[in-house]
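Q: sequence below, structure please.
(4 chains)
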There are 2 protein chains.
Amino acid sequence: MSELRQPAPAPANDRETAATRDDKLELRLWLRLLTCSSLIEQNVRTALRERFDTTLPRFDLLAQLDRAPDGLTMSELSARMMVSNGNITGLTDRLVEEGLVKRTPSARDRRSSHVSLTPAGKKAFDAMTPEHEGWIDAMMAGLSRQDMQQLFLLLGKLKQSVHQNAVEPNKGEKV
Amino acid sequence: MSELRQPAPAPANDRETAATRDDKLELRLWLRLLTCSSLIEQNVRTALRERFDTTLPRFDLLAQLDRAPDGLTMSELSARMMVSNGNITGLTDRLVEEGLVKRTPSARDRRSSHVSLTPAGKKAFDAMTPEHEGWIDAMMAGLSRQDMQQLFLLLGKLKQSVHQNAVEPNKGEKV
DNA sequence: GAAATTTATTTTAGACTTAAAACAATATTC
DNA sequence: GAATATTGTTTTAAGTCTAAAATAAATTTC
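A: Numbering: from 1, shown residues only, chains lettered A, B, ... in the order given. Here you go, the predicted model:
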């Protein structure tokens, strides 16, 4: 690493920094996780706009399709991107409009359609993805290999824990 | 812990699961981080709606104010919540409408105003926060104390790394 | 096999979010 | 101290997002 460092990282005054010693570890952990996630997301969002004049949800949808050569149904997209079905409808509409993805009616289920990249969509995605990867790498440059592996592992545990212990929907009367 | 476990956590089919061994560790780490963050966020969002008929951004704003007895300016709220100024304007308007927060014009800067909790806002927040804490605790119940501390530490490193190595805005011509 | 249920998607209404422009007030520069 | 730049907030236009209702096509049940 031979680049010059930034003069001094501005002391962030975020949600997490506002947490106090009084707060429970669980809460502080959640606030820090959210801060990291928001920070990275914001950076990617800005970079996508400035470099490719596009948005994160659009890039994200293209990325899902790039991993699925046979295309994905609306519901599959919804599950992978963890957003509502209706959201996917609008997003897909816009990308179809831009000519980057196409809808193909499903052969065996007339309710359903498969969304896939058009050649233009594939080309656009391929142009973006190396830079995107570079941004992510850069943001994680301060972590050692071991840090990353450890973090990956712990987040895996967290993910499992959330799945197992998530709040039961509709448990308890509304206040 | 004496409660019964859920039968079997449905095998999630999310963004992160779709990543392959081919992907770089940095990218997989980011996807897993985003998945965890989205999962927790989604749970809190649903719980807030079902239990208190409110939304996460509103709760979040109240939480910021609860930590700041003298109130916060719009800009401070924007920084802490990591959202745009305009966003805070709208959110505050809605919460003022609901009678949960109030705006007080700043004495020394006529551009600025301090936002703070009304008694009703404080009461509403105090009613929500113990349950909120319970949800977070529950979701993290699968992690040991040491896991949490380790995760907290590593996320601290990540946060610092992102701050130091974030993509320079407007570096490189638009494609 | 008709009726009831489930599943896939879209529509709707409204909230949240952003970036950029506009405004207004303060601070800085000469 | 007038001109310029900066800062704090709101407005605007458009996109993203949600939950719930509506549609329509499968699937299951009887």
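
Q: the residue nearest the centre of chain A in helix, strand or coil?
A: For chain A, the residue nearest the mean C-alpha position is residue A:60 (6.6 Å; C-alpha atoms, centre = their mean). Three-state call for residue A:60 (DSSP: H, G, I helix; E, B strand; the rest coil): helix.

Q: wait, it touches residue A:81, no?
A: Yes - assessed by C-beta atoms under 8 Å, residue A:60 is found in contact with residue A:81 at 5.9 Å. For the C-beta atoms, the positions are set from N, CA and C on the backbone; glycine is no exception.

Q: longest helix in chain A, please.
A: As assigned by DSSP state H, the longest helix anywhere in chain A is helix A:25-52.

Q: what's the burial count for the residue of chain A found nearest DNA strand C?
A: Minimum separation of chain A from DNA strand C (C-beta to the nearest atom of the strand) falls at residue A:86, amounting to 2.6 Å. If you count neighbours by other C-beta atoms under 10 Å in any protein chain shown, residue A:86 ends up with 10.

Q: just residue A:122 next, same as before
A: 17.

Q: any idea which element it lies in?
A: Using DSSP states H and E, residue A:122 sits within helix A:119-139.

Q: relative to DNA strand D, how far out is the residue of chain A closest to DNA strand C?
A: According to C-beta to the nearest atom of the strand, to the nearest Å, residue A:86 stands 3 Å off from DNA strand D.

Q: could you do residue A:121 as well?
A: Using C-beta to the nearest atom of the strand, residue A:121 is found at 15 Å from DNA strand D.

Q: what's near enough to touch the nearest residue to that residue once chain neighbours are set aside?
A: Nearest residue to residue A:121, sequence neighbours excluded (C-beta to C-beta, 6 or more residues apart in numbering or on different chains): residue A:100, at 3.5 Å. Counting by C-beta atoms under 8 Å, 6 or more residues apart in numbering or on different chains, residue A:100 touches A:58, A:62, A:117-118, A:120-121, A:124-125.

Q: same question, residue A:82
A: B:14-15, B:35, B:38-39, B:42.

Q: tell me which two in these are the farthest apart.
A: Using C-beta to C-beta, the pair of the contacts of residue A:82 lying farthest apart is B:15 and B:42, separated by 13.0 Å.

Q: which of those two has more neighbours?
A: More crowded of residue B:15 and residue B:42, by other C-beta under 10 Å: residue B:15, with 20 against 15.
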